[in-house]
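Engineer: Build me a model:
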Amino acid sequence: MKTLYIFDVDDTLIDTKACIRAIDKDGNTVFRAGTKVFNAPDSTERLLQPGLTWDFTEFESLEQIMSEPKLPAFEALCRAVQDDEFVIILTARQKWVMLHAWLVANGIDFPIDHIFCYDRSSKLNVPEWKGYVTRCLCKILDIKKVILYEDDPENIKSIKKECEGITVEVGSIG
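Structural biologist: Numbering: from 1, shown residues only. This next block holds a predicted model:
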C-alpha cells in the first residue's frame, strides 16, 4: 500500500519559540504571540484588530529554527526518510530554502521539492490549503494511506475531510 508521510514543523517537529509580531500603523509592536496563542480559537478578536499587520520574521530565520528544541516527531521524520518512505513537509512557514538548510544541518538528506510552504496570498486558509495539497498529492501519486504528524486539530480535520476514502492515521507528536 502506497503511504505518504506528512510532517508539520511548528509544535510538531520542534517546540516553537518563535513569535509573530503584531505591528500597528505607526510601526510599533503592539504584541508578540507564539504559535499556541496565535492559533488558539479564543484569540480571534485580539488578532483581528483593525490596522494591524503581521511580522513573521522570526519564522524565517535559520538561526531561530536551529535553536528550537526538537520534539519526538523529529525522530519519526528521520526514520521515515531513512526507510526511504515518501515524505513531505507541509507547513505554514514561508521559507522552504531555510527549512531545507535546517534539515540538511540536522543530517537529513531531504528533497527540496518535498517541502510545501503556505502562500499567504492564497484564497484558502491554512487548514483548507493543507487538505487541498494532501488530496492532490494522494490523487496524483495514487496514495492509499497517509500518516500525519500535525499538532493543529483544524489541520487534521481538514486533511481527513479532503482525503475521504484514504486511510489517515495521526502519528504521535509528543
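Engineer: Next one: residue 132 relative to residue 118, how far apart?
Structural biologist: Here the distance between residue 132 and residue 118 works out to 11 Å (Cβ to Cβ, to the nearest Å). Quick note: C-beta positions are derived from backbone N, CA and C, even for glycine.
Engineer: Please read the previous query as pertaining to residue 25.
Structural biologist: Distance of residue 25 to residue 118, computed by Cβ to Cβ: 25 Å.
Engineer: From the neighbour counts alone, determine which of these two ranks first.
Structural biologist: Higher neighbour count among residue 25 and residue 118: residue 118, with 17 against 9, using other Cβ atoms under 10 Å.
Engineer: surely the more buried one meets residue 91?
Structural biologist: Yes. Using Cβ atoms under 8 Å, residue 118 makes contact with residue 91 at a distance of 6.8 Å.
Engineer: Quick check: buried residues in the longest helix along the chain?
Structural biologist: Assignment by DSSP state H gives helix 126-141 as the longest helix of the chain. By neighbour count on 16 or more other Cβ atoms under 10 Å, the buried set for helix 126-141 is 126, 127, 128, 129, 130, 131, 133, 134, 135, 137, 138.
Engineer: Please apply the same query to stretch 50-65.
Structural biologist: Of the residues in stretch 50-65, 56, 58, 59, 60, 64, 65 count as buried by neighbour count, 16+ other Cβ under 10 Å.
Engineer: Can you pick out the ones from those that are in helices?
Structural biologist: Mapping the buried residues of stretch 50-65 onto helices (DSSP H) picks out 64, 65.
Engineer: Quick check, pLDDT for the residue of the chain positioned farthest from its centre.
Structural biologist: Going by Cα atoms, centre = their mean, the residue of the chain most distant from its centre is residue 26, 30.7 Å out. Listed pLDDT for residue 26 reads 88.
Engineer: Pick out the residue nearest the middle of the chain.
Structural biologist: Centroid-nearest residue in the chain: residue 91, 2.4 Å away (criterion: Cα atoms, centre = their mean).
Engineer: so who does the closest residue to that one other than its chain neighbours touch?
Structural biologist: Nearest residue to residue 91, sequence neighbours excluded (Cβ to Cβ, 6 or more residues apart in numbering): residue 9, at 4.3 Å. Contact analysis of residue 9 by Cβ atoms under 8 Å, 6 or more residues apart in numbering lists 16, 89, 91, 93, 99.
Engineer: From residue 108, how far off is the third one?
Structural biologist: Residue 91 sits at a distance of 15 Å from residue 108 (criterion: Cβ to Cβ).
Engineer: Then the second one?
Structural biologist: Residue 89 is 10 Å from residue 108, where distance means Cβ to Cβ.
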